[in-house]
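>>> Provided below are the primary sequence and the corresponding predicted coordinates.
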Amino acid sequence: MKRIIIWIGILFAAVSCESFLDMQPTSSANAAQAIQTPSDAGVALNGIMRSLTSSSLYGRNLLLYADAKGGDLTIFSAGRGLDGLYSFNHSATSNSYSGYWSSGFYLLMQINNLIGNIERLEEAGEGGFDYYMGAALTLRAMLAFDLVRLYGAPYTRNPSAFGIPDAAVIHSAGSEPGRLTVAENYRQIISDLESGATRLSSDKSRRNGQVGYYANRALQARVRLFMRDYAGALAASEEVINDGGYKLYEPQEWAASWSKQYGSESILELGIDTEADLTTASLGFYYVRYHQFTNAQGWFLASDYFLNRLGEDPQDVRWGVMDSDESVEKTGVERKGACYKYVGGIAAAGDGKETRTAVNIKLFRLSEMYLISAEAALHSASPDRALAASRLNAIRRRSPNLAPVDAGTVSDALILSERSKELFGEGHRFFDRIRAGESIEFNDDFQDVPVSGRSKVITPDFQRIILPIPQDEINANRTIASQQNPGY
């Protein structure tokens, strides 16, 4: 383990490095020597994929963020860890969760170095880099999309508000770049996705644990939905559904799918091996029952609001990853608020690797594409309510006692409710509710102390629906110091 100081273009960051980062950083003067062949680009891309599994990013906190803030989670007791996400008790110097910013921009620097080196080699006449360039552009778009959702106003509410600094360039040491607008960020994201899709289109085969063509199209569907580009979201999601070779699980297969790697619905999984296993810092540990395992603290549990929604059908197969939480010990009433998706299911056997917490992170699943298609079809310029109902019903089969919807009854409320049930714990709920303009009520009744930082109900106008720019960045960058988010 080394500790090195790296200028990442946006801020000085003390980065704790291991494995692939222990070699010469690609941001150094030797970067041109680091990548000379497609094989070298593959090594760099593997390192980037590993970094995505950081606890500050997709390994835990990026997914936890949306469920903790979206009303589908609650906390039994304050002070167990990360409850600032639930309480919105943020400032630039306290509970800023600056790891989103520092880890995100550090990784963007690595991606941009890879892209820059590929461009240099291609200009010199070298070939064989299409896949690596397409994957890098897609990953740059994915990170930028999630960072602008954390730090910038929702696209459909205020696209002219500040977003994040330009994610597509490496800023020189000493530069003090300002923030682009949300609209400018999204234009770059779409540009990267379209360019990435072109590069990836020559080989659309499935790539387990890596970015492929259909992962790019799945991300396009998600991004365009958030832009209310319903035609684009519908086209992308339908392409994945019809052409990607993926298949929805049968209802009886769904719960067991969490104990398997790279199943028939998985469009993009981040592989978690023993070395990348976050163990007690893993997402699995944050969702399981208090003292289910040694050091499991019962950090987050399902809210009553989520459980009531899932409880519309007691035979819903998604109960198959929920188990009793610690409240049964105090109330005597079983309450299945503990989620076992990220330890391989209720048996907590993992997904076939050495430890139960080394479970792959499923970033894009086919079921989300069905739900995007349903919403986009409902809102397209020429609404296709029959298609919307058909796509929603394909997912509602997981609730065998609920009647199918039809073209006359399909609605946004039903689609958003189904997204909550299907994607619980996967990092969607808060962003879905804010883009829908919904108020969010929190299940604070479990709290042993009052929640500070917000009221029991917030609206999309609540200032802290986005994070503050961290104080370290404010101190290092005079331009951005004048561009702090309102309310901080």
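On my side now, so go ahead.
>>> In the chain, spot the helix with the most residues.
helix 99-123 (DSSP state H).
>>> What is whichever helix or strand comes after that one packed up against?
Of the helices and strands lying after helix 99-123 in sequence (DSSP states H and E), the nearest is helix 130-151. Under the contact criterion of 3 or more C-beta pairs under 8 Å, 6 or more residues apart in numbering; DSSP states H and E, helix 130-151 touches helix 38-51, helix 99-123, helix 182-200, helix 213-226. Backbone N, C-alpha and C define where each C-beta goes, glycine included.
>>> all strands for the chain, in order.
Ranges of strands within the chain are 2-7, 12-17, 73-74, 266-270, 301-302, 322-323, 338-339, 361-365, 440-441, 457-458, based on DSSP state E.
>>> rank these by pLDDT, which is bottom?
Least confidently modelled of these is strand 2-7, at a mean of 29 by mean pLDDT.
>>> show me the residues around residue 136 that make contact.
Residue 136 sits next to 45, 48, 111, 114-115, 118, 196 when contact means C-beta atoms under 8 Å, 6 or more residues apart in numbering.
>>> of those, closest to residue 185?
Residue 185 has its nearest neighbour among the contacts of residue 136 in residue 111, at 15.3 Å by C-beta to C-beta.
>>> which residues touch residue 340?
Neighbouring residues of residue 340 by C-beta under 8 Å, 6+ apart: 258, 284, 287-288, 321-323, 346, 348.
>>> So for residue 128, what's the nearest residue that isn't a sequence neighbour?
residue 38 (4.2 Å; C-beta to C-beta, 6 or more residues apart in numbering).
>>> ok so, going back, please identify which two of the contacts of residue 340 are farthest apart in space.
Largest separation among the contacts of residue 340 by C-beta to C-beta: 284 and 322, giving 13.8 Å.
>>> Of those two, give the one with the bigger neighbour count.
Remark: of residue 284 and residue 322, residue 284 carries more neighbours, 30 against 25, as counted by other C-beta atoms under 10 Å.
>>> Return the distance of that one relative to residue 348.
Separation of residue 284 from residue 348 (C-beta to C-beta, to the nearest Å) stands at 8 Å.
>>> shared neighbours, those two?
340, 356.
>>> about what we covered before: what comes up buried for the longest helix of the chain?
99-118, 121 (16 or more other C-beta atoms under 10 Å).
>>> Can you pull out the residues in contact with stretch 176-185?
So stretch 176-185 is in contact with 9-10, 144, 148, 152-155, 158-167, 171, 188, 476-480, 483, going by C-beta under 8 Å, 6+ apart.
>>> now those residues: which count as buried?
Using 16+ other C-beta under 10 Å, the buried ones in those are 9-10, 144, 148, 152-155, 159, 161-167, 171, 188, 476-477, 480.
>>> Need the per-residue pLDDT for residue 1.
31.
>>> meant to ask about residue 456
pLDDT, read off for residue 456, is 94.
>>> Can you verify my assumption that it contacts residue 441?
Yes: with contact defined as C-beta atoms under 8 Å, residue 456 counts as touching residue 441 (6.4 Å).
>>> what would the helices and strands packed on helix 130-151 look like in JSON lines with mean pLDDT?
JSON lines is the format used below for the helices and strands packed on helix 130-151 (pLDDT from 0 to 100):
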{"stretch": "helix 38-51", "mean pLDDT": "96"}
{"stretch": "helix 99-123", "mean pLDDT": "96"}
{"stretch": "helix 182-200", "mean pLDDT": "98"}
{"stretch": "helix 213-226", "mean pLDDT": "98"}
